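Trainee: Could you work out the structure for the sequence below:
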Amino acid sequence: MSDTRSVLIADDEPLARERIRRLVEALSGYRVCGEAADGDETLKQVAQLDPDILLLDIRMPGMDGMEAADRLSQLSNPPALIFCTAYDHYAIRAFGVQAIAYLLKPVRKEALADALARAGRVNRVQLQTLNGQARQRPEQLAVRTHRGTELIDLSEILYCEADQKYVTIHHTRGETVCDYTLRELENSYSGVLLRTHRHTLVGVRFIQGLKRTSDGQNRVVLRDGQGELPVSRRHASNVRQWLQEHQPG
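Mentor: Below is the predicted model of the structure:
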């Protein structure tokens, strides 16, 4: 059903998750798509499940709900956020991460129904702002780093570069070292990342052209002055084919 909205529940207490699940499932038009017990797991589930709405606790082990919400707010189109917490002194901070509602535990069915309805209205407004097209939230990649789990919009990835046993993802907000292999990224996101070298994948939306240097080497030119990257002989034909298929004229 296209009108059914998916809901992710994030709370470190299993009984709390169970109670909220029952409340959500008692309301028509919503389905629980998953659960998470801490902030890191929440970010992973958002990347994997792409929920419409996130019901988020604040006090959780490791990365708490407020930090997770702050990271989600940096995405171009995050899920609608509703806090469900036993503590009222975070309410002001909740507005800073664009929360739709701030519900105190024990959450009442009427309050939850109202908040979910408001979240639905916000999503419909988002729908209308995207040039009249259906909402398409960009996919995110969940990366575990020394700072915890980081979410990166795939559309923001400039290129991925392998160096010994680690891969560095260069994106519009900086760099992130991950433990994914280039092959894993290439296989999972073949429509977003293009192999240009044994050590490099390039974000296709940033490919401007291919040039040949005076010493006979190929280099891919990135848009927006983001530089150039070497292209191996083995992969040059793939880059040329991509340019022929995706560039006008």
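Trainee: what stretches of this structure score poorly on pLDDT?
Mentor: Along the chain, segments meeting pLDDT under 70 span 1-2, 89-97, 121-138, 146-148, 248-249.
Trainee: Which segments of the chain make up each domain?
Mentor: 5-129, 141-246 (automatic domain parsing).
Trainee: Just say which of these is most tucked in.
Mentor: Of all the domains of the chain, domain 5-129 has the most neighbours on average by mean count of other CB atoms under 10 Å, namely a mean of 18. For the C-beta atoms, the positions are set from N, CA and C on the backbone; glycine is no exception.
Trainee: Could you pull up the contacting residues of the most centrally placed residue in the chain?
Mentor: Using CA atoms, centre = their mean, the residue of the chain that lies closest to the mean C-alpha position is Q140, 2.8 Å off. Listed by CB atoms under 8 Å, 6 or more residues apart in numbering, the contact partners of Q140 are V46, A47, L75, L151, I152, D153, L154.
Trainee: Point me to the helix or strand that includes V239.
Mentor: Counting by DSSP states H and E, the element that carries V239 is helix 233-246.
Trainee: what's next to that helix, contact-wise?
Mentor: Here helix 233-246 makes contact (CB under 8 Å, 6+ apart) with L194, R195, T196, H197, R198, V204, I207, G209, L210, N218, V220, V231.
Trainee: At which residues are the helices of the protein located?
Mentor: Taking DSSP state H as the test, the helices found in the chain are 14-25, 39-49, 65-72, 91-96, 109-129, 182-188, 233-246.
Trainee: between those helices, which one is nearest to T172?
Mentor: Ranking the helices of the chain by proximity to T172 (CB to CB) places helix 65-72 first, at 15.4 Å.
Trainee: Quick one: list the elements packing against that closest one.
Mentor: Judged by 3 or more CB pairs under 8 Å, 6 or more residues apart in numbering; DSSP states H and E, helix 65-72 is in contact with helix 39-49, strand 53-56, strand 80-85, helix 91-96, strand 148-153.
Trainee: Let's see that with 7 Å instead.
Mentor: Secondary-structure packing of helix 65-72 (3 or more CB pairs under 7 Å, 6 or more residues apart in numbering; DSSP states H and E): helix 39-49, strand 53-56, strand 80-85, strand 148-153.
Trainee: tilt between it and helix 39-49?
Mentor: Counting by axes from the mean of the first three to the mean of the last three CA atoms, to 10 degrees, helix 65-72 lies at 40 degrees to helix 39-49.
Trainee: List the contacts of helix 65-72.
Mentor: Contact with helix 65-72 is made by 10, 39, 42-43, 46, 56-58, 78, 81, 83, 90, 93, 97, 99, 150-151, as judged by CB atoms under 7 Å, 6 or more residues apart in numbering.
Trainee: So what angle separates the directions of that helix and strand 80-85?
Mentor: 170 degrees.
Trainee: Can you show me the CA trace of helix 65-72 as PDB?
Mentor: Presented in PDB, the C-alpha positions along helix 65-72 are these (Å, rounded to 0.1, in the frame of the first residue of the first chain):
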ATOM      1  CA  GLY A  65      19.500   9.700  20.400                       C
ATOM      2  CA  MET A  66      20.400  13.500  20.300                       C
ATOM      3  CA  GLU A  67      23.700  12.800  18.500                       C
ATOM      4  CA  ALA A  68      22.100  10.400  16.100                       C
ATOM      5  CA  ALA A  69      19.400  13.000  15.400                       C
ATOM      6  CA  ASP A  70      22.100  15.600  14.800                       C
ATOM      7  CA  ARG A  71      23.800  13.400  12.200                       C
ATOM      8  CA  LEU A  72      20.500  12.600  10.500                       C
END
